[in-house]
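Undergrad: Sequence first, then the predicted structure:
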Amino acid sequence: MEGPKFIRILTLISAIGLLTLLAVSCGGSAPPVAEVATEVPAAPVVDTPVVADKAPAEVKSQAPIARAASTLAPLPVAQPTEAPLAPGAVARMPEGTLTLSEFDFSTESWLPWEETNQQFYWERVMEQLLMLDPITWEFLPGLAKEWEVSPDGHTVTWKLQEGIQFHEDYGEFTSEDAVFTLNQWLFHETSTHPAVAAMIQADPEVRAIDKYTVEIEFRSSPYLTALMDASSGNNGVGMMSKAYVDEVGFDLARRKGIGTGPYRFIEHKLGESITLEAVEGEHWRIVPQWRDLKIMVTIEPSTRLAQVLSDEVDIALLPGSFKRMAESSGVRTILNPGVAGVFIVPVVYIPGTFGIDAPNPDNPLANPLVREAFSLAINRQEIADVVFSGGAVPTGLTDLSPISLGYDERWEEPDPFDLDRAKQLFEETGISGQTFKFGQRSLGGIPEAPQLAEAIAGMWEAAGLDIDLSLNLQSSQHSSSRRSRALEGELWMMRLGHLTDTTRRIMSQLRCTQEKTALFTCNEELELLSPKIAASINLEEKDKLMHRAYELILDERTIIPVVQTASLYAIGPRVGGWTPRLGERFTTEIEKVGHAK
């Protein structure tokens, strides 16, 4: 490296507000009653984050033209009613066209098991068995009105809503459709849902008990998070009409979606746009405020921002690093952090792993005080403000969210920046002035990764170390070095997305006895704890075991969290209230977007 690398703080985030989050009540055992998006008196608009997963890998180009500040006047917040309409009341019917601009349509498939990143468009048309409340993180009825997991964790049962009709006269949604869809989700060769591999290991069998009851039995081992994995909170799967797929085949069904949702399919121009239309009359679950929905693909993020400024687009998805540019142009924004956690791995091997007979006495990273010093030397707020231009948030977490087993809210708060204490610890442990190798793996969806690695290296050098930095190393380079024990005593920068149940990540990545997949620092107690986690069939017990595992990982700085990256929504003046779902890379909860007054 060419001397210490320093970052000058340009601005500090002052007060960070939260958008008002509004709960939505859905379904029930009685005949379903539609929610109606209504409007209430004006409320202040908050232009800073709701909390929420991967920023797209995109590069800024020309700056857009500024809009007059008058467009930032307070707007009304649209919210769904939480109770049925009074007798004789008439629901407000959808009107107008809502236009969105995204950077990608992923596989452009309407088969909901083929790619989780396409959920943002198919879940307008297809509905899931369970919904997740964005405030309480509790399940809400979707196409299932009741649900349960057996005491032994082997069987999950859903009781379905009755009388729900598919679009285009494909009949009533029943257990036959649910069994068909769940089987494709689990077993189809093109299924890519991140939970499916773990489910398959538990040997699932899907069956219909009666016309409105479906269950999955996990025959070889319990699977405790199936309800979450099949819900909107974990990408889930949209329920398809078996009759429709039987009639047209998978190839045609891939190009046109038929579901039960509040919007129906109108047109899909590959690589260009998707057009949907609100179903006629009152939808059984929610009546959206917008009649027509158009979703455009626009590759360049600065062009998407310009589309909002010109009123061509109502909501545009942007990289989090566009926050200052958007707001300086007079555009209302919502920052959605939690897309991915970026963290540092201090590599330490332990006896019994990788053929090691004894620990390496010369590895200073085995000392918890050294790892603490590395963490205290990182100015996370400065990184969020400068490297990510305000489009990331400091964090003490890696891959956990409030719905994850083992989650503890105290971990949301990162280590403080304390350069003096970091210097003191480096001196007391005798490593001040030593050279450490620091490698930055290629981090998909985080174009700022090289600048981030350089910033962190500069901060460690300011604390008295010498850093040998390598940028943009490929995963294959990291893997081969890991298996040869060549990483002992090095530090690596990596990223992870959130999971509901991180058991498989702990078993395959956060521990070291599985030589082919281990990625992170080895911890002896975690090695002993991992089999207990895998064998647990009690959700409360498993939550406690997972909590202890992450105490070892986070409290002892086995890995060192830095920031959570974010996506950003630029909001046009016609849009009223809206709360996107936490931690999503794409635009969500679109049927709940309100009109501005």
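TA: Received, thanks.

Undergrad: count of residues packed around Gly163?
TA: 10 (other C-beta atoms under 10 Å). Glycine gets a C-beta too; all of them are placed from N, C-alpha and C.

Undergrad: right, and it touches Gly171 too?
TA: No - in this structure, Gly163 is not within contact of Gly171 by C-beta atoms under 8 Å, at 11.2 Å.

Undergrad: which residue packs closest to Val575, ignoring adjacent ones?
TA: Closest residue to Val575 apart from its sequence neighbours, by C-beta to C-beta, 6 or more residues apart in numbering: Asp314 at 5.2 Å.

Undergrad: for Glu102, that is, sorry about that
TA: Leu317 (5.3 Å).

Undergrad: Which secondary structure element is home to that neighbour?
TA: If you go by DSSP states H and E, Leu317 is part of strand 315-319.

Undergrad: and that strand, C-alpha only, in CSV?
TA: Extracted in CSV, the C-alpha atoms of strand 315-319 (Å, rounded to 0.1, in the frame of the first residue of the first chain):
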residue,chain,number,x,y,z
ILE,A,315,-41.3,4.9,-8.0
ALA,A,316,-37.8,4.0,-9.1
LEU,A,317,-35.4,1.6,-7.4
LEU,A,318,-31.9,3.0,-7.1
PRO,A,319,-28.6,2.0,-5.4
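
Undergrad: Let me know the average pLDDT across the helix or strand just after it.
TA: Sequence-wise, the next helix or strand downstream of strand 315-319 (DSSP H and E) is helix 323-328. Average pLDDT, helix 323-328: 91.

Undergrad: Mind giving me the packing neighbours of helix 323-328?
TA: helix 301-309, strand 332-346, strand 560-571 (3 or more C-beta pairs under 8 Å, 6 or more residues apart in numbering; DSSP states H and E).

Undergrad: Centre of the chain to the first one, how far?
TA: This means helix 301-309. Centroid separation for helix 301-309 versus its chain: 24 Å, with C-alpha atoms, centre = their mean, to the nearest Å.

Undergrad: ok, Asp362 to Thr155 distance?
TA: 52 Å (C-beta to C-beta, to the nearest Å).

Undergrad: Between those two, tell me which one has more neighbours.
TA: Comparing Asp362 with Thr155 by neighbour count (other C-beta under 10 Å), the higher total belongs to Thr155, at 18 against 8.

Undergrad: mind checking the SS state of the spatially closest residue to that one that is not a sequence neighbour?
TA: Nearest non-adjacent residue to Thr155, counting by C-beta to C-beta, 6+ apart: Glu217, 4.9 Å away. Three-state assignment for Glu217 (DSSP: H, G, I helix; E, B strand; the rest coil): strand.

Undergrad: gap between Glu217 and Val179?
TA: To Val179, Glu217 is 12 Å away according to C-beta to C-beta.

Undergrad: which neighbours do these two share?
TA: Arg207 (C-beta atoms under 8 Å, 6 or more residues apart in numbering).

Undergrad: Quick check: what element follows the helix-or-strand element of the chain with minimal mean pLDDT along the chain?
TA: Ranked by mean pLDDT, DSSP states H and E, the helix or strand of the chain with the weakest confidence is strand 76-80, at a mean of 29. For strand 76-80, the following helix or strand on the C-terminal side (DSSP H and E) is strand 97-102.

Undergrad: what's the model's confidence in the helix or strand just after that following strand, averaged?
TA: Sequence order places helix 119-125 as the next helix or strand after strand 97-102, per DSSP H and E. Mean pLDDT, computed over helix 119-125, is 90.

Undergrad: now do stretch 556-573
TA: Mean predicted lDDT for stretch 556-573 stands at 89.

Undergrad: and the closest residue to Lys542 other than its chain neighbours, how many neighbours does it have?
TA: Once flanking residues are discounted, Lys542 sits nearest to Ser536: 4.1 Å by C-beta to C-beta, 6+ apart. Ser536: 20 surrounding residues under other C-beta under 10 Å.

Undergrad: Let's see the pLDDT reported for Ser536.
TA: 81.

Undergrad: Quick check: it touching Lys544?
TA: No - the pair Ser536 / Lys544 is not scored as a contact, 9.0 Å apart, by C-beta under 8 Å.

Undergrad: Tell me where the model's unsure across the stretch 51-200 of the chain.
TA: By pLDDT under 70, the low-scoring segments of the stretch 51-200 of the chain are 51-92, 134-137.

Undergrad: got the buried residues for stretch 215-226?
TA: Applying a neighbour-count criterion of 16 or more other C-beta atoms under 10 Å, the buried positions in stretch 215-226 are Glu215, Ile216, Glu217, Phe218, Pro222, Tyr223, Leu224, Thr225, Ala226.

Undergrad: I misspoke; the intended subject was stretch 294-313.
TA: 294-298, 301-309, 313.

Undergrad: Tell me the one of these nearest Gln119?
TA: Ile295 (12.5 Å; C-beta to C-beta).

Undergrad: Isn't Ile209 up against Val179?
TA: No - taking C-beta under 8 Å as the definition, Ile209 is not a contact partner of Val179, at 10.0 Å.

Undergrad: which of the two has more neighbours?
TA: Set side by side, Ile209 and Val179 show more neighbours around Val179, with 17 against 12, by other C-beta under 10 Å.

Undergrad: Using the three-state scheme, assign the more buried one.
TA: Per three-state DSSP, Val179 ends up helix.

Undergrad: residue ranges for the helices of the stretch 451-597 of the chain, please.
TA: Secondary structure of the stretch 451-597 of the chain by DSSP state H, counting those that start in this stretch: the helices cover 475-483, 503-508, 524-535, 539-550.

Undergrad: now the stretch 301-450 of the chain
TA: 301-309, 323-328, 368-376, 380-382, 419-428, 449-462.

Undergrad: Would you format those as a markdown table with distance to Arg581 included?
TA: Shown next, in a markdown table, are the helices of the stretch 301-450 of the chain (distance: least, C-beta to C-beta, whole Å):
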| stretch | distance to Arg581 |
| --- | --- |
| helix 301-309 | 20 |
| helix 323-328 | 19 |
| helix 368-376 | 30 |
| helix 380-382 | 25 |
| helix 419-428 | 37 |
| helix 449-462 | 25 |
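
Undergrad: what separates stretch 290-301 from the chain centre, distance-wise?
TA: Counting by C-alpha atoms, centre = their mean, stretch 290-301 comes out at 21 Å from the chain centroid.

Undergrad: which one of the helices and strands packed on helix 323-328 is the most hemmed in?
TA: Greatest average neighbour count among these goes to strand 560-571 (a mean of 28), per mean count of other C-beta atoms under 10 Å.

Undergrad: So which elements touch that strand?
TA: Partner elements for strand 560-571 (3+ C-beta pairs under 8 Å, 6+ apart): helix 301-309, strand 315-319, helix 323-328, strand 332-346, helix 368-376, strand 392-394, helix 449-462.

Undergrad: May I have the longest one exported as PDB, CA atoms only?
TA: When you say that, I think you mean strand 332-346. The C-alpha coordinates for strand 332-346 follow below in PDB (Å, rounded to 0.1, in the frame of the first residue of the first chain):
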ATOM      1  CA  ARG A 332     -38.500  12.200  -1.800                       C
ATOM      2  CA  THR A 333     -36.700   8.900  -0.900                       C
ATOM      3  CA  ILE A 334     -37.100   5.800   1.200                       C
ATOM      4  CA  LEU A 335     -33.800   4.100   2.200                       C
ATOM      5  CA  ASN A 336     -34.300   0.300   2.700                       C
ATOM      6  CA  PRO A 337     -31.300  -1.000   4.500                       C
ATOM      7  CA  GLY A 338     -30.700  -4.700   5.400                       C
ATOM      8  CA  VAL A 339     -30.100  -5.900   1.800                       C
ATOM      9  CA  ALA A 340     -26.700  -7.500   2.700                       C
ATOM     10  CA  GLY A 341     -24.400  -7.400   5.700                       C
ATOM     11  CA  VAL A 342     -20.700  -6.600   5.000                       C
ATOM     12  CA  PHE A 343     -18.300  -7.900   7.600                       C
ATOM     13  CA  ILE A 344     -14.600  -8.800   8.300                       C
ATOM     14  CA  VAL A 345     -13.400 -12.300   8.900                       C
ATOM     15  CA  PRO A 346     -10.200 -12.700  11.100                       C
END
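
Undergrad: All set, thanks.
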